[in-house]
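Chemist: Give me a model of this one.
(2 chains)
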Amino acid sequence: MTFVRPNFRHPENHTNQRGYSIKNYEGALSTLCAGCGHDSISASIIKSCFDLNLEPHKIAKISGIGCSSKTPTYFLGKAHGFNSVHGRMPSVTTGANLANRDLLYIGVSGDGDTASIGMGQFAHVVRRNLNMVYIVMNNGCYGLTKGQDSATADKGSASKKGVPSVFDSIDLCQLALQLGAGYVARSFSGDKKQLTPLIKAAIKHQGFAFIDVVSPCVTFNNTPTSTKGYEWVRDHLEATGTVDFIPSKSEITVDYPEGTTRKLALHDGSELLLHKNAHDYDLSSLKAAMDRIESTKELDKILTGLIYHNQSVQDTHELIQTVEQPLNELSQQQLCPGSKVLEKLNASLR
Amino acid sequence: MNEVNTIKATNDFVIRFANVNGSGSASANNLFSKAVFRLGVPVSSKNIFPSNIQGLPTWFEVRINEQGYLGRRGGYDFIVAVNGQTMLKDYHDLLPGGYFFYDSSKRLPDTFTRDDVIEIGIPLTAICNANYTEPRLRQIFKNIIYVGALAYLFDMDFTVFEDSIKSQFAKKEKLIAPNIQALRLGYDYAQQHFSNSCGLNIHRRDLNGEQILLEGNAAAGLGAVYAGATVAGWYPITPSTSVVEAFEKYCHAYRVDAESGKNKFAIVQAEDELAAIGIVIGASWNGARAFTATSGPGVSLMSEFLGLAYFSEIPVMLMDIQRTGPSTGMPTRTQQSDILSAAYASHGDTKNVLLFPANPKECFELTVAGFDLAERLQTPVILMSDLDLGMNVHQCDPITWDDDQVYDRGKVLNEKQLDEMAEKWGRYLDVDGDGVPYRTIPGTHPVKGAYFTRGSSHDEYAAYTEDGEVYARGMQRLLVKWNTAKKLVPKAQIDGEGKSIGVIYYGTSDYATQEAMDILRVDQDIDSMRIKAFPFGAEVAKFVRKHDVIFVIEQNRDAQMKTLLVNELAVSPNKFVEVLNIDGMPITAAFLVGEIRHRLEQSTTSIKQQEA
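Modeler: The predicted structure follows:
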């Protein structure tokens, strides 16, 4: 890996509608292992935010602990970041979101961070339907402590240590579906073309958006015997259909043969264009989504792409009916009832 | 009736109600203690309840004391025994010459053979059965009937009860007449059968002035509203739950936007205490005032997160309503046993600011002060209340608010300040020399002020570092901040100076200690100091230095505050004498006087022996 980022940019390098160049969305140089899948996911996040013309400082990136949780340092350097404690990203993000509902919250976690130590917090942030993007960089192992199996390591899968996992794995997408997530997707760090539109749509989704990204650990879990290695994953992918993200008010310039695409409306008027394939099913059906994950597993394959989408669920703020104005902007005058009220209250306590 | 040397007292006695949990006795007992308060006689009540919802024994102790002593006295002059399960024990707990009030619908068993107490049997069940047909009413009014009987026996002004009922049911008017009738039934029966039987009286004194009756937890919840807290993450745990419930109640009253009907607050019942404090940290990091309330077990669970907030310098307002530990301990009994675990909560070198309220008014004031301190110092502040203070109704001075008071939001840079800043801003750079750096809130400025918050070691500019020197510099700077905190926290309350003997106490030991001091000072010169905060200010260090023998009064086994004093002030433990109450009941003046006198006698004897 290199420790110097070249300043050279492609001469056609352009700025987005807000006048930001891609550089404005980059972060510090990655210190992860060369070839780590996580860096590709970071690149997709950068590309998504650039394409969506987001203001970097209106984004909060929050993580737990682990290799995946280090990545927020490597993207969106102009955004505030918070590397919290192991497995607790969801609660910190909940608090941050309650304080200011106007920022975009990107939570980054790993399979250890989410499926083991942070399982409880993951379950409850889904249940609260917090308006956030929750990305799990899933490599089936604990990279930062040198490759122990995680709870998403498939039964029988063996990492570099060569000992097959004896326990069944936890499927985070199935869990998210059961807990009521309105947007559930799975992707592969090696498939940027699929991942980037999925991230964009997740950002535009109002409510909890979950993306489980299989992201091989090149150092400890990229063996031929591992079901989270590049080779195995590439050979066993089965997509629900390719997706394009269409920003609001933009025309669809490419013609698709009738009956081969389906549009999914997102909160702000933008759309997700889904190119149907042979494995098409009703993405708004929870039952169909669960069924498809299971039936794909039976074929020894990994279902990727958008798995479930339901825009009708209310997010945390709607559920607890907070004011539109961010709570962190309310003034003392708006918050403090003052002395007169207290006098009345005292009188009622005698 | 035997010739019994009965207890005779006016406005100075203790009554204990022995009830069954969940039988509706609490509101009747409160009706009684509130009537005492409204007669202008100082009163304190303690709810001694089980960790149970229905069926187990519960007691309610009311001390009536016109000298104004509000601590638990110990000993019972009058017992209302309406719980069959505990009746015999209650009977034996009564002081000689005391009064045993029971439901005489059933004859007292033969085992009740004391000849030094007065038995007052009122057929509560029979009266109820004769007057009410509905079982629910029979249960509820049985409680009201004994209150009516007490009104007669203690020669209390009956109109006070009538007025209380009227104001209590102002919105349910049809309940007024039946309640007053029930009071009357008890009053009349007692008058007909027990005239001049009771030597205890409660007579009007008008000593209570502007004072109010309030639970500490309600005051703390109200304090959070006044302090501008908008986010509360919490997890239910006795005895802290009523803090957030009060916050919610007062928010619904004062914080709903009139136009939209929407809430200017967010309360989330979290999945556990870890998430509760995580929510507080996330919200505080993002510029809202946020808090959580818990008890000892919750503080243990929150420890990792408290270290994160300490090291990454995020304001946290945490309320610890202490209960009897360790582990689950006695969840419905009081103690001051989280002092050390809160002060040093979290691994590594961590210290947290603690505040020690002694009454509901201070729960309010120190909550408000706590939010200011947390933001000024960018660190966790823990309000160390306890079950006695939090869950019992206390008589205290009215709560006040100065409308000119402005929240201290601490060192937060806004967009303009960031624009005008010529030098490079460092999140952890100590530019003022007080150890407190400047922070920014996410979203403030398009290109300036963004940084990465982390619990891993960082340099002055918030960049990750494993350079030992840089790390050490940051840790030393946190000590500079700690020294700043010493000047900002509330000062200890000191009474007297120049004597060689001192007493140190804190929190709810206040009531009993004040009473004990009045007794001890009659023949002994003693100075006293009530600690209100940790870290200790210069006045605490001075008090410790200036006294040769210092009694430290605590409600825990291990003298945790003493340990903290010895450790933080680097003084010899030999000058401290531990006075410890650990039975889970509020500490009493009688215990303190006994213990301190005993220790003083011991030391005089040993000095005399040395001289001889």
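Chemist: ranges for the helices of the stretch 301-450 of chain B?
Modeler: B:339-343, B:360-377, B:387-391, B:415-420 (DSSP state H, counting those that start in this stretch).
Chemist: now do the stretch 151-300 of chain A
Modeler: Under DSSP H, counting those that start in this stretch, the stretch 151-300 of chain A gives helices at A:172-179, A:192-204, A:230-235, A:286-298.
Chemist: Quick one: closest of those helices to chain B.
Modeler: With distances scored as CB to the nearest CB, the stretch of those nearest to chain B is helix A:172-179 (11.9 Å). (Glycine included, C-beta is placed from N, CA and C.)
Chemist: now for that closest one, which elements pack on it?
Modeler: helix A:111-115, helix A:119-128, strand A:183-188, strand A:208-214, helix A:286-298, strand A:302-309 (3 or more CB pairs under 8 Å, 6 or more residues apart in numbering or on different chains; DSSP states H and E).
Chemist: Show me how chain B divides into domains.
Modeler: Domain assignment of chain B by automatic domain parsing yields the ranges B:9-201, B:214-396, B:412-488, B:493-611.
Chemist: Please identify the most buried of those.
Modeler: domain B:214-396 (a mean of 24; mean count of other CB atoms under 10 Å in any protein chain shown).
Chemist: okay, how far is it across it, tip to tip?
Modeler: 8 Å (CA to CA, to the nearest Å).
Chemist: Looking at it now, give me its mean pLDDT.
Modeler: Taken as a whole, domain B:214-396 carries a mean pLDDT of 98.
Chemist: distance of B:I53 from chain A?
Modeler: The gap separating B:I53 from chain A is 26 Å, by CB to the nearest CB, to the nearest Å.
Chemist: Mind telling me what element that residue is part of?
Modeler: Counting by DSSP states H and E, no helix or strand carries B:I53.
Chemist: which residues does the closest residue to it other than its chain neighbours contact?
Modeler: Leaving aside its chain neighbours, B:I53 sits nearest to B:G22 (5.9 Å; criterion: CB to CB, 6 or more residues apart in numbering or on different chains). Neighbouring residues of B:G22 by CB atoms under 8 Å, 6 or more residues apart in numbering or on different chains: B:I53, B:Q54, B:G55.
Chemist: Name the spans of the stretch 251-350 of chain A whose pLDDT lies under the cut-off.
Modeler: The stretch 251-350 of chain A contains residues with pLDDT under 70 at A:251-259, A:278-279.
Chemist: Which positions in it make contact with chain B?
Modeler: For the stretch 251-350 of chain A, the contact set with chain B under CB under 8 Å from any CB of the partner chain comprises A:316-317, A:320-324, A:327-328, A:330, A:332, A:334-339, A:341-342, A:345-346, A:349-350.
Chemist: Just the buried residues from those residues, in PyMOL please.
Modeler: To isolate the buried ones among these in PyMOL, judged by 16 or more other CB atoms under 10 Å in any protein chain shown, type:
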select buried, chain A and resi 316+317+320+322+323+327+328+330+335+336+337+339+341+342+345+346+349
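Chemist: in what helix or strand does B:V62 lie?
Modeler: strand B:57-65.
Chemist: With B:E210 instead?
Modeler: Applying DSSP H and E, one finds B:E210 in no helix or strand.
Chemist: Now do the contacts for it.
Modeler: A:N346, A:R350, B:D397, B:P398.
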